[in-house]
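Visitor: structure for this input, please:
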Amino acid sequence: MANPWAGEVALVLDGQRHVMKLTLGALAELEAGLETGSLVELVERFETGGYSSRDVLALIVAGLRGGGWQGRASDLLAVEIEGGPLGAARKAAELLARAFSLPLERA
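Guide: Residues are numbered from 1 along each chain as shown. The predicted model follows:
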């Protein structure tokens, strides 16, 4: 079970539930992998709806790795994500919001 108070978000890949979390290490890996901008600019892209599928994938990979997953982005190319591309974008946005909000803001 994902713990929202710990910044965790559940994601179902090929019918298997995974927990995503943006740990400091996962955030550093995410920032290093961004082709453009910073984490602040990534947050702004999600807030304005200007994010790309690359942004969504990068967030999901970082979150999965922060949750203990040992895969790579290429491992997700043929994976069925519950909710499809829109569901993936929603989970990525939720993960990003949980990483940068205080517990009282999540209530």
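Visitor: which residues in the protein form strands?
Guide: Under the criterion DSSP state E, the chain carries strands at the ranges 9-13, 16-20.
Visitor: for the top helix by length along the chain, packing partners?
Guide: Scanning the chain for the longest helix, with DSSP state H as the assignment, gives helix 84-99. Under the contact definition 3 or more CB pairs under 8 Å, 6 or more residues apart in numbering; DSSP states H and E, helix 84-99 sits against strand 9-13, helix 39-48, helix 53-66. Heads up, the C-betas are built off the backbone N, CA and C, glycines and all.
Visitor: CA atoms only: put it into PDB for me.
Guide: Taking C-alpha atoms only, helix 84-99 is exported to PDB below (Å, rounded to 0.1, in the frame of the first residue of the first chain):
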ATOM      1  CA  GLY A  84      -3.000   4.500 -20.200                       C
ATOM      2  CA  PRO A  85      -1.100   7.600 -21.100                       C
ATOM      3  CA  LEU A  86      -3.500   9.900 -19.200                       C
ATOM      4  CA  GLY A  87      -3.300   7.800 -16.100                       C
ATOM      5  CA  ALA A  88       0.400   7.800 -16.300                       C
ATOM      6  CA  ALA A  89       0.400  11.600 -16.500                       C
ATOM      7  CA  ARG A  90      -1.900  11.900 -13.500                       C
ATOM      8  CA  LYS A  91       0.300   9.600 -11.400                       C
ATOM      9  CA  ALA A  92       3.400  11.500 -12.400                       C
ATOM     10  CA  ALA A  93       1.800  14.800 -11.500                       C
ATOM     11  CA  GLU A  94       0.600  13.300  -8.200                       C
ATOM     12  CA  LEU A  95       4.100  12.100  -7.400                       C
ATOM     13  CA  LEU A  96       5.600  15.500  -8.100                       C
ATOM     14  CA  ALA A  97       3.000  17.200  -6.000                       C
ATOM     15  CA  ARG A  98       3.600  14.900  -3.100                       C
ATOM     16  CA  ALA A  99       7.300  15.400  -3.200                       C
END
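Visitor: and that helix with helix 53-66, angle?
Guide: 60 degrees (axes from the mean of the first three to the mean of the last three CA atoms, to 10 degrees).
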